[in-house]
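Undergrad: Starting from these lines, generate the structure:
(chains A and B)
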Amino acid sequence: MTAPVNKSTPRESFGSRNVFILSAIGSAVGLGNIWRFPYVAYEGGGGAFLIPYLCALLTAGIPLLFFDYAIGHRHRGSAPLAFRRMHRAAEPLGWWQVLICVVISVYYAVIIAWSAMYTWFSAQLTWGKGNENDFFFVDFLQMGDVSEGGISTEFVPQVGVPLIAVWLVVIVIMALGVKRGIGAANMVLMPLLTLMFVVLVVQSLFLPGALDGLNAFFTPDWQALADPAVWAAAYGHIFFSLSVAFGIMVTYSSYLKRKTDLTGSGLVVAFANSSFEILAGIGVFAALGFMAAAQGTEVAGVATSGIGLAFIAFPTIVSNAAGGSIIGVLFFGALVFAGVTSLISVLEVIVAALQDKLGWSRIATTLVVSVPLAMISLALFSTTTALAVLDTADAFVNAFGIMAVAFVTVIVVAWVLHKLPALQSHLNKRSSFTVGLLWRSLVGVLAPVVLGYLLLTELISKIAAPYGDYPGWFLWVFGWGMVIVLIVSGVLLSLLPWSEKSRATQDPEYDEFLELEGHRSQGATEARQATEERVSK
Amino acid sequence: MTPTAIVMMAVAILTLWGGLIAGIVNLAKHPEEEGTEPMPPVEL
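TA: Reported below is the predicted structural model:
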């Protein structure tokens, strides 16, 4: 079970740069691209939102993506190992990111399970026309109230069984490794996802009322640009959309070959993610235009996002549209594929971290990580109170997990450790698109200012009123308590010793890399290896 | 659709998809160097 990784075994890698790019796009393109971006853009001024969105992409999203790539590729390790190699005191940042991924993975899987079931339901219109809302909350989720009965242990089989299936699929992908599992899955699922979504968009565009939906989506409200909240929404969306600052891109880039064009690859990943978002916006609002026309109302009356869009609005569209079942299968199938490619990237952060820390084999580490996560996921999210737990955990981990760790990381790396010049040099040594003072300013100054503002806004709003009107004890356990536990546990995990078998104590490949890069002399490496051998004896 | 909405849609598509195409062209001009890395393990 705990067979050690052979010390001479090279670190896993993606087969090629293209596989890495597809995998990184697969991670970035997730549920948020499909069900969050269209509504954020619509609420943020429609066509005018393009301006803050592009500004956020160019001044924060892409610079932070390069920042993550540089950390992972320069230090060639999972998030904790990469930060430890940067500076011993920075290791807790890596574990904090790993623990955020633990929380996300357990609830992300259940949304994929719901989507998988709705793919099947769409083919048969199981919910019954006009009953979409009740079907989701009452018949499917069998939703209970945490205020009355607390956390439920009542198993909901129509959620639990597909959830088990989702975990089995991702465990197999993870166990196969970076190249044969993650890389291969993305090489199959990403082209399929794109094809399915293009067909969905084309079909949606031919629905009656589709152009009214597009009109609502793209008509600019220039006054929205004067609202700071719209700019904050654009920056907030870009941070979450590109999967930056919570370990995924650090881990993925550590699997890249030494001489890879980092910034050139990053530009393709960032623009591919945004291109998909525009495609999703067109598809979703064309469909919402049809829904508004069918109900004899305005698009504003039916526009929504998140779970409401996916599991209530879309089933309504499927019920009413000609060829609705095909739209439903394509939409929910796309959610499943987008979700799986993102979930495996989140899990890889955890698996890679433990593999580095313990020096175990890929399969053993995958099982030790994934099976307990699957059990927690089943215990919390296949019951009647799943939606409340999911809603709260998601809101708090996004605001005080991802956003907080991003804020602290850029401050520590830029202002405490002063590592931006070294990271800039690493990027420029191997990339087609060079970065300079502007990049350092965007990462070191603009990013912390924007992240700090977003963090403060979230803190004020969540302190001012109980989130979602859930009971206080519930918010303390799954909200505030959870985010505090993540930070404390991150620090504690960094205090645990690294296994003698781990790459932190002996990694000839990394030593060779440092020598080739001129960061360390051969003599220094030999002295370090001799010391380690003495210690191990 | 109003002319303004059509223009904004065209600008959004051209900017983002154009950025993607430009990124791909840039990468194609800088192909990956082959044979510089050890092969990853077959079984882990």
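
Undergrad: Check the spacing between residue A:135 and chain B real quick.
TA: 34 Å (CB to the nearest CB, to the nearest Å). (Glycine included, C-beta is placed from N, CA and C.)

Undergrad: For the residue lying closest to residue A:311 once chain neighbours are set aside, give me its contacts.
TA: In space, residue A:311 comes closest to residue A:136 once its chain neighbours are excluded; the distance is 4.7 Å by CB to CB, 6 or more residues apart in numbering or on different chains. Residues counted as contacts of residue A:136 (CB atoms under 8 Å, 6 or more residues apart in numbering or on different chains) are A:127, A:311, A:312, A:315.

Undergrad: now with 10 Å?
TA: By CB atoms under 10 Å, 6 or more residues apart in numbering or on different chains, the residues touching residue A:136 are A:114, A:118, A:121, A:127, A:143, A:307, A:308, A:310, A:311, A:312, A:315, A:387.

Undergrad: now swap in residue A:203 and tell me
TA: Residue A:203 makes contacts with A:210, A:283, A:286, A:287, A:321, A:322, A:323, A:324, A:326, A:327, A:330, A:331, as judged by CB under 10 Å, 6+ apart.

Undergrad: can I assume residue A:112 is in contact with residue A:159?
TA: No: with contact defined as CB atoms under 10 Å, residue A:112 does not reach residue A:159; the gap is 11.3 Å.

Undergrad: count of neighbours near the closest residue to residue A:382 other than its chain neighbours?
TA: Of all residues beyond its chain neighbours, the one nearest residue A:382 is residue A:160 (3.4 Å), with distances taken as CB to CB, 6+ apart. By other CB atoms under 10 Å in any protein chain shown, the residues close to residue A:160 number 19.

Undergrad: now swap in residue A:69 and tell me
TA: Residue A:69: 29 surrounding residues under other CB under 10 Å.

Undergrad: can you pull the pLDDT of the nearest residue to residue A:139 once chain neighbours are set aside?
TA: Spatial nearest neighbour of residue A:139, chain neighbours left out: residue A:127 (7.7 Å); criterion: CB to CB, 6+ apart. The per-residue pLDDT reported for residue A:127 equals 92.

Undergrad: same question, residue A:9
TA: Per-residue pLDDT puts residue A:9 at 66.

Undergrad: pLDDT weak spots in the chain?
TA: I'll assume chain A. A:1-9, A:520-537 (pLDDT under 70).

Undergrad: ah, I was thinking of chain B
TA: Looking at chain B by pLDDT under 70, you get B:34-44.

Undergrad: let's see it at 50
TA: The model of chain B has pLDDT under 50 over residues B:38, B:40-44.

Undergrad: Report the secondary structure state of whichever residue of the stretch 401-537 of chain A sits closest to chain B.
TA: Proximity of the stretch 401-537 of chain A to chain B (CB to the nearest CB) peaks at residue A:432, 4.4 Å away. Per DSSP: H, G, I helix; E, B strand; the rest coil, the local secondary structure of residue A:432 is coil.

Undergrad: measure the residue nearest to residue A:311 to residue A:278 for me?
TA: Note on residue A:136: its distance to residue A:278, by CB to CB, to the nearest Å, is 28 Å.

Undergrad: Heading C-terminal from the helix or strand containing residue A:33, find the next helix or strand.
TA: Taking DSSP states H and E as the criterion, residue A:33 maps to helix A:31-35. As assigned by DSSP H and E, the chain's next helix or strand after helix A:31-35 is helix A:37-43.

Undergrad: by contact count, what packs against that following helix?
TA: helix A:50-56, helix A:210-218, helix A:228-241, helix A:262-295 (3 or more CB pairs under 10 Å, 6 or more residues apart in numbering or on different chains; DSSP states H and E).

Undergrad: between these, which one is nearest to residue A:102?
TA: Among the helices and strands packed on helix A:37-43, helix A:228-241 comes nearest to residue A:102, with 17.4 Å by CB to CB.

Undergrad: chain center to the closest one, what's the gap?
TA: What separates the centre of helix A:228-241 from the centre of its chain is 15 Å, taken as CA atoms, centre = their mean, to the nearest Å.

Undergrad: and the angle from that helix to helix A:262-295?
TA: 120 degrees (axes from the mean of the first three to the mean of the last three CA atoms, to 10 degrees).

Undergrad: Report the buried residues of helix A:228-241.
TA: A:230, A:231, A:232, A:233, A:234, A:235, A:236, A:237, A:238, A:239, A:240, A:241 (16 or more other CB atoms under 10 Å in any protein chain shown).

Undergrad: Adding distance to residue A:403, write the residues you listed out as TSV.
TA: Shown next, in TSV, are these (distance: CB to CB, whole Å):
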residue	distance to residue A:403
A:230	18
A:231	15
A:232	11
A:233	13
A:234	14
A:235	10
A:236	8
A:237	12
A:238	12
A:239	7
A:240	9
A:241	13
